[in-house]
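> Got a predicted structure here, sequence first:
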Amino acid sequence: MAAGPPGERLVARNLRKDFAGLRAVDDVSFEVDPGEIVGLIGPNGSGKTTTINVLTGLLPITAGAVRIGDTDITGWPAHRIARAGMARTFQVVKLFKDFTVLENIEVGAISAGGVSRHEARRRAEDVLEHIGIARLANVPAGALPQGEERRIEIARALATNPRFLLLDEPGAGLNDAEIEVLMPTLGRIRDQTGCGMLVVDHDMRLIMGLCDRLHVLNFGRTIAEGTPEQVRRQPAVIEAYLGAETDAAGNVAGNAADPAAGAVHAAG
Ligand SMILES: Nc1ncnc2c1ncn2[C@@H]1O[C@H](COP(=O)(O)OP(=O)(O)OP(=O)(O)O)[C@@H](O)[C@H]1O
Ligand SMILES: [Mg+2]
């Protein structure tokens, strides 16, 4: 698969998003380099999905700026941002259930623009092959188990040849074995396409095992950033995951009473 033009970073500067009476994202700044995997983490409601929504133009931004390289894409409509090389997946999978897997991915390829039907089909087949699910090409998307649905959504995003891939909880609903497959798949996508990735997830094994750097939100604000090793030991991060406790090695253990926190379990 061809990667986008190399070298340009995704820059988010002082992002703010207000909903009526609520500041969901508050002065958040970070960068994602091409070929880099950045984890965007934080407790439920901390503003992760909203950040992806404003980066991709799904929601209008209240303040701040988004750039790809020197191009200021702030306020661009979603389709134009997509064509600039930003692709995303959704926390709640959105596939066309009556379409086959291959057709769903073709739609992704077409939505990015500039390709013929024939080229879109070829690209969709390539992507399916590439992430190891060619056998599912002709299965109706509505018949897939949840773990496979997530992979199809990633494939659909990938079919746009993105420069940046924004994944909202790719690990949600996956069992341990599926996470073990997802992790190297995402790593391979990065290695082979050179795209930059922003990964939101509550599965700390996935986040710690995959990401080069982490950006941690709580109540819409940045509370920590750095390598996974640096971030996991910060008291503010441990505290933010309410009910979470740390063991002697600094691992964050989830609170079993809280299903959301329960998904935050120790890496290593
Ligand atoms: N469209 C909206 N209108 C009003 N409030 C919203 C909207 N979308 C999100 N919010 C609020 O903004 C805050 C941040 O929500 P967001 O979905 O970004 O959190 P999140 O970090 O993705 O959480 P989770 O881990 O549960 O997915 C929450 O308080 C949420 O209720
Ligand atoms: Mg979310």
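In hand now; what should we look at? Ligands and ions are numbered 1, 2, ... in the order given.
> Give me the residue ranges of this protein where confidence is low.
1-6, 242-268 (pLDDT under 70).
> Show me where it has its helices.
48-55, 78-83, 101-111, 117-130, 146-158, 176-193, 204-210, 228-232, 235-240, 259-262 (DSSP state H).
> Tell me which of those helices sits nearest to residue 61.
Between residue 61 and the helices of the chain, the shortest gap by C-beta to C-beta is with helix 48-55, which sits at 4.5 Å. Every residue, glycine included, has its C-beta placed from N, CA and C.
> Residue 89: neighbour count?
For residue 89, the neighbour count with other C-beta atoms under 10 Å is 24.
> circling back to that earlier point, dump the helices of the chain to a markdown table, plus distance to ligand 1.
Putting the helices of the chain into a markdown table (distance: least, C-beta to the nearest ligand atom, whole Å) gives the following:
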| stretch | distance to ligand 1 |
| --- | --- |
| helix 48-55 | 3 |
| helix 78-83 | 15 |
| helix 101-111 | 22 |
| helix 117-130 | 26 |
| helix 146-158 | 15 |
| helix 176-193 | 17 |
| helix 204-210 | 13 |
| helix 228-232 | 16 |
| helix 235-240 | 11 |
| helix 259-262 | 7 |
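> Reformat these as JSON lines; add mean neighbour count and distance to ligand 2.
Below are the helices of the chain laid out as JSON lines (neighbours: other C-beta atoms under 10 Å; distance: least, C-beta to the ion, whole Å):
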{"stretch": "helix 48-55", "mean neighbour count": "23", "distance to ligand 2": "3"}
{"stretch": "helix 78-83", "mean neighbour count": "16", "distance to ligand 2": "18"}
{"stretch": "helix 101-111", "mean neighbour count": "23", "distance to ligand 2": "21"}
{"stretch": "helix 117-130", "mean neighbour count": "17", "distance to ligand 2": "25"}
{"stretch": "helix 146-158", "mean neighbour count": "22", "distance to ligand 2": "14"}
{"stretch": "helix 176-193", "mean neighbour count": "16", "distance to ligand 2": "18"}
{"stretch": "helix 204-210", "mean neighbour count": "21", "distance to ligand 2": "14"}
{"stretch": "helix 228-232", "mean neighbour count": "18", "distance to ligand 2": "19"}
{"stretch": "helix 235-240", "mean neighbour count": "15", "distance to ligand 2": "15"}
{"stretch": "helix 259-262", "mean neighbour count": "15", "distance to ligand 2": "10"}
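> Take the ones you listed and lay them out in JSON lines including distance to residue 26.
Below are these laid out as JSON lines (distance: least, C-beta to C-beta, whole Å):
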{"stretch": "helix 48-55", "distance to residue 26": "10"}
{"stretch": "helix 78-83", "distance to residue 26": "22"}
{"stretch": "helix 101-111", "distance to residue 26": "31"}
{"stretch": "helix 117-130", "distance to residue 26": "36"}
{"stretch": "helix 146-158", "distance to residue 26": "27"}
{"stretch": "helix 176-193", "distance to residue 26": "28"}
{"stretch": "helix 204-210", "distance to residue 26": "22"}
{"stretch": "helix 228-232", "distance to residue 26": "19"}
{"stretch": "helix 235-240", "distance to residue 26": "14"}
{"stretch": "helix 259-262", "distance to residue 26": "21"}
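> looking at the ones you listed, which is closest to residue 137?
Between residue 137 and the helices of the chain, the shortest gap by C-beta to C-beta is with helix 101-111, which sits at 4.2 Å.
> wait, residue 87 sits on residue 154?
No. Contact between residue 87 and residue 154 fails when scored by C-beta atoms under 8 Å: they sit 9.3 Å apart.
> Are there residues contacting both of those two? Which ones?
residue 165 (C-beta atoms under 8 Å, 6 or more residues apart in numbering).
> dump the residue contacts of the closest residue to residue 50 other than its chain neighbours.
Counting by C-beta to C-beta, 6 or more residues apart in numbering, residue 24 is the residue found nearest to residue 50 once chain neighbours are left out, at 4.4 Å. Residue 24 makes contact with 17-18, 47, 50, 220, according to C-beta under 8 Å, 6+ apart.
> ok, for residue 35, nearest residue in space, not its chain neighbours?
Ranked by C-beta to C-beta, 6+ apart and with sequence neighbours excluded, the top spatial neighbour of residue 35 is residue 194, at 4.9 Å.
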